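In: Predicted model and sequence below, questions to follow.
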Amino acid sequence: MLEYEGQWTKGKSYYGYAPLGPWLVTADEVPDPQDVDLWLEVNGVRRQNGNTRTQIFGVAHVVSYLSRFMALQAGDVIATGTPPGVGLGHKPPLFLKAGDHVALGSSLLGEQRKSVVAYDDEIMGARWREARLPQL
């Protein structure tokens, strides 16, 4: 059984946070979803390197499982795991901080670059609690 609770869901669900886009690829552009290389660098240092073939639960299993209690539709995104090397697993743990530059990608899917900005409670927290979502 898959468990989606605790930090696993929260870490992928915060308003304005989802490392997706600015475009997605269609299924015909990914010959084998169980053979996609993935990597992530922080400030030019490779921190994560992996491939979807090492997923604990494969793509077909995850889609089958979720389909038992959700109506999946074209365009839905299922956030799954992360390649080996996640910051929490380092000794001592490595966490992103304001000013860090993150690059992530795959030879099949392309590359993205993002900069980390400091959390601002007025912009995110207070407005979230008041249901006044900020414009991103």
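Out: Cool, the structure landed.
In: gap between the longest helix along the chain and the chain center?
Out: Across the chain, the longest stretch assigned as helix under DSSP state H is helix 59-67. Counting by CA atoms, centre = their mean, to the nearest Å, helix 59-67 is centred 18 Å from the centre of its parent chain.
In: who touches that helix?
Out: Helix 59-67 is contacted by residues 2, 33, 34, 52, 57, 72, 78, 80 when judged by CB atoms under 8 Å, 6 or more residues apart in numbering. C-beta: built from backbone N, CA, C; applies to glycine.
In: Now do stretch 71-89: everything it contacts.
Out: Residues beyond stretch 71-89 that count as contacts (CB under 8 Å, 6+ apart) turn out to be 9, 12-13, 18, 20, 24, 38-40, 46-51, 54-57, 62-63, 66, 93-96.
In: switch the cut-off to 6 Å
Out: Here stretch 71-89 makes contact (CB atoms under 6 Å, 6 or more residues apart in numbering) with 12, 38, 47, 48, 50, 93, 94, 95.
In: mind checking how far residue 104 is from residue 94?
Out: Using CB to CB, to the nearest Å, residue 104 is found at 15 Å from residue 94.
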